[in-house]
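[1] Attaching a predicted model along with its sequence, questions to come.
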Amino acid sequence: MKKVLAMSLLAAAAAQPAWAVDIKAGDWTVNVGGNVNAYYTLVRCKGSFDGGLALAGPTIGCGGEDRRTTVGNGLLPSGLVTTATTSQGGYDVKAQIGIMVAAATDSAITQNSTVDVRQAFFSFGNAQIGTVKLGRDYGIFGDNIILADMTLLGTGAPSQATQRGRVALGHIGAGYAYAGQYGQVVYTTPKVLPYGLVLDFGLMSPVDDTPIVAPARYTSRSTPQVQAQLSGTYGPLKGWLGAKTQHFEAVGNTAGNLRMNAFELGAQLDYGPANFLANVQRGRGLGILSDADQGNVRTTHYLLQATYKTDDKLKLGINYGQSRNNDDAVTTGGLKSNSNVTLGAYYSLNTAITLVGELGRTRSKGFSGASSHMNGISLGGIILF
């Protein structure tokens, strides 16, 4: 099945099942794994632009202050993932539930009881017919790039308004749109084509827009969202081509209905201890963070990354991403672009714990010419089990 194990990493960084606990019960194997992570982040914001989804502005970047400190989650929430697998009647069967929590809040006494159930699905298939997945899981569009982002195990852009009570943003909104979580039916072809080519095709439960900084403008109707991706490998090179589309109905006095159409193209190359990555997303209604959050606006995201392993313990990396609105529409709040550059060091203390240090600069520009920037430092780590 397409990246089920890898998407568990996105949910709870539990990509190494040897670390988790396996429980045998008849024909079933129940696997329990997950992660806990925490990072000390310190940010400082400067500049005059703070409109829309400006990640470097004081509202989102520094949580309403000029500077701020948080000890909270990185791009990953802490989480617990339970998976049950079996082979029945010639089919490989799997069920998975991922439950996530946040570390930081603004209160020393309030219960931190918000539970984020990102995954709850089952799948069945085999090597001849492929795999069918039903339930709630991450989207197909955008999964490769967020999994390949080195800041997945760190924080990337440590936006304080999101890190408190949830997570940091990595390069979401400054390099790519979030993969999202959807109710879905997905079919994955068997690996019978040359170069390991695999096609994933999914019907997603249609979603409303996600107007984080403005009232809702669109709602979903009966037409599902469609996502698809073709991926393959050729030696040390991996590539993918994806697309998604959905019809949105206008709510109230808006400028009419919206058809979200977006595509993605990416590649990753291993060259000895070095790894290089490039990815671009572009589309109308794609949004800065998530589906249609900028309304009927064309948006372009791209991310470039290079990492180098000095030995089995230490990986160094640098990446740069930008998310740009092409149209100066009222729904953007005047935001033209967000960008982020991150320098990172990732040290494997042992097979379970990775210690992380990152330095980053996030910049937001408005169509007016005004800009803001956020300088940030992040120190912490993650344990995978």
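    Looks like it came in fine.
[2] where are the low-confidence patches of the stretch 201-350 of the chain?
    Flagging of the stretch 201-350 of the chain using pLDDT under 70 yields the residue ranges 213, 253-254.
[3] can you pull out the strands in the stretch 151-300 of the chain?
    Using DSSP state E, counting those that start in this stretch, the strands found in the stretch 151-300 of the chain span residues 181-188, 198-204, 218-219, 225-234, 237-250, 258-271, 274-284, 298-309.
[4] I'd like the ones you listed as JSON lines, with mean neighbour count and distance to S159 appended.
    All C-beta atoms are positioned from the backbone trio N, CA, C, and that covers glycine. Below are the strands of the stretch 151-300 of the chain laid out as JSON lines (neighbours: other CB atoms under 10 Å; distance: least, CB to CB, whole Å):
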{"stretch": "strand 181-188", "mean neighbour count": "20", "distance to S159": "20"}
{"stretch": "strand 198-204", "mean neighbour count": "19", "distance to S159": "26"}
{"stretch": "strand 218-219", "mean neighbour count": "19", "distance to S159": "25"}
{"stretch": "strand 225-234", "mean neighbour count": "19", "distance to S159": "26"}
{"stretch": "strand 237-250", "mean neighbour count": "19", "distance to S159": "25"}
{"stretch": "strand 258-271", "mean neighbour count": "17", "distance to S159": "23"}
{"stretch": "strand 274-284", "mean neighbour count": "19", "distance to S159": "20"}
{"stretch": "strand 298-309", "mean neighbour count": "19", "distance to S159": "16"}
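[5] Which of the ones you listed sits closest to F49?
    Of all those, it is strand 298-309 that lies closest to F49, at 17.7 Å by CB to CB.
[6] Check which helices and strands that closest one is in contact with.
    The contact analysis (3 or more CB pairs under 8 Å, 6 or more residues apart in numbering; DSSP states H and E) places strand 298-309 against strand 274-284, strand 314-325.
[7] Can you add distance to A25 and give those back as TSV?
    Formatted as TSV, the helices and strands packed on strand 298-309 follow (distance: least, CB to CB, whole Å):
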stretch	distance to A25
strand 274-284	39
strand 314-325	38
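[8] Ok, which of those strands comes nearest T70?
    If you check each of those against T70 by CB to CB, strand 314-325 wins as the nearest, at 21.6 Å.
[9] The closest one - contacts with which helices or strands?
    Checking 3+ CB pairs under 8 Å, 6+ apart, strand 314-325 ends up next to strand 298-309, strand 335-348.
[10] Can you list the buried residues in it?
    Going by neighbour count (16 or more other CB atoms under 10 Å), the buried part of strand 314-325 is K315, G317, N319, Y320, G321, Q322, S323, R324, N325.
[11] so the last one bridges to which residues?
    This points to N325. Following DSSP bridges, N325 is listed with bridge partners T299.
[12] How about the first one?
    Here K315 sits in beta bridges with K309, Y346, going by DSSP bridges.
[13] And it, how close does it get to N340?
    Here K315 is placed at a distance of 19 Å from N340 (CB to CB, to the nearest Å).
[14] Which strand residues bridge the nearest residue to W28 once chain neighbours are set aside?
    Counting by CB to CB, 6 or more residues apart in numbering, T86 is the residue found nearest to W28 once chain neighbours are left out, at 4.7 Å. On the basis of DSSP bridges, T86 is bridged to V93.
[15] re the thing from before, export the buried residues of strand 314-325 as TSV, with columns for distance to M100.
    Compiled in TSV, the buried residues of strand 314-325 are given as follows (distance: CB to CB, whole Å):
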residue	distance to M100
K315	25
G317	25
N319	24
Y320	28
G321	24
Q322	28
S323	24
R324	30
N325	30
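[16] Just after the biggest strand by length in the chain, pick out the following helix or strand.
    As assigned by DSSP state E, the longest strand anywhere in the chain is strand 28-47. Using DSSP states H and E, the helix or strand that follows strand 28-47 in sequence is strand 67-72.
[17] Now that next one: buried residues?
    Neighbour-count burial for strand 67-72 flags R67, R68, T70, G72 (criterion: 16+ other CB under 10 Å).
[18] what's the first one in contact with, if anything?
    Translated: R67. Applying CB atoms under 8 Å, 6 or more residues apart in numbering, one finds that R67 lies in contact with L42, V43, R44, C45.
[19] swap the cut-off to 10 Å and go again
    Counting by CB atoms under 10 Å, 6 or more residues apart in numbering, R67 makes contact with L42, V43, R44, C45, K46, P58, G61, Q160, M374, N375, G376.
[20] Counting neighbours, which of these comes out on top?
    G61 (36 neighbours; other CB atoms under 10 Å).
[21] Mind listing the residues bridging to the residue lying closest to that residue once chain neighbours are set aside?
    Leaving out its chain neighbours, the residue that sits closest to G61 by CB to CB, 6+ apart is M374, at 4.0 Å. As for beta bridges, M374 partners with C45, T362 under DSSP bridges.
[22] contacting residues for M374?
    Neighbouring residues of M374 by CB under 10 Å, 6+ apart: 43-47, 54-58, 60-62, 67-68, 157-160, 340, 360-364.
[23] gap between it and Q322?
    Per CB to CB, M374 is found 15 Å from Q322.
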